[in-house]
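Peer 1: Sequence unavailable; structure follows:
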């Protein structure tokens, strides 16, 4: 693994890729890989990555990565009549 990382670092340096850009490439790749591995489950992906789920969601928004599963709309609240408390003055 160490040799693979060193080889990657050499290729990035040879391609004149700045450090912050290289970190972004690696981070995005790991996020996409973790989400794919866990079939879009953000909680499981964030645990594997060692980051909080909110941090993962912020990074997904920053990279413009598809969030995996489509979000469900919240259930509509049922309209109920006002309840009155009896015996209260």
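Peer 2: Sure, I can see it. Keep in mind the model is a prediction, meaning the values are calculated, not measured.

Peer 1: what stretches of this structure score poorly on pLDDT?
Peer 2: 67-75, 78-89 (pLDDT under 70).

Peer 1: what packs against the top helix by length along the chain?
Peer 2: Assignment by DSSP state H gives helix 19-37 as the longest helix of the chain. Counting by 3 or more CB pairs under 8 Å, 6 or more residues apart in numbering; DSSP states H and E, the packing neighbours recorded for helix 19-37 are helix 42-49, helix 53-63. For the C-beta atoms, the positions are set from N, CA and C on the backbone; glycine is no exception.

Peer 1: For these, state which one has the densest average packing.
Peer 2: helix 42-49 (a mean of 17; mean count of other CB atoms under 10 Å).

Peer 1: Give me the angle between that one and helix 53-63.
Peer 2: Interaxial angle, helix 42-49 versus helix 53-63 (axes from the mean of the first three to the mean of the last three CA atoms, to 10 degrees): 90 degrees.

Peer 1: which residues are in contact with helix 42-49?
Peer 2: 30-31, 34-35, 37-38, 52-53, 55-57, 60, 67-68 (CB atoms under 8 Å, 6 or more residues apart in numbering).

Peer 1: follow-up on the earlier one: buried residues of the longest helix of the chain, list them for me.
Peer 2: 22, 28, 31-32, 34-35 (16 or more other CB atoms under 10 Å).

Peer 1: and the residue nearest the centre of the chain, what does it touch?
Peer 2: The centre of the chain sits closest to residue 56, judged by CA atoms, centre = their mean, with a distance of 3.2 Å. Contacts for residue 56 were tallied using CB under 8 Å, 6+ apart; they are 31, 42, 45-46, 49.
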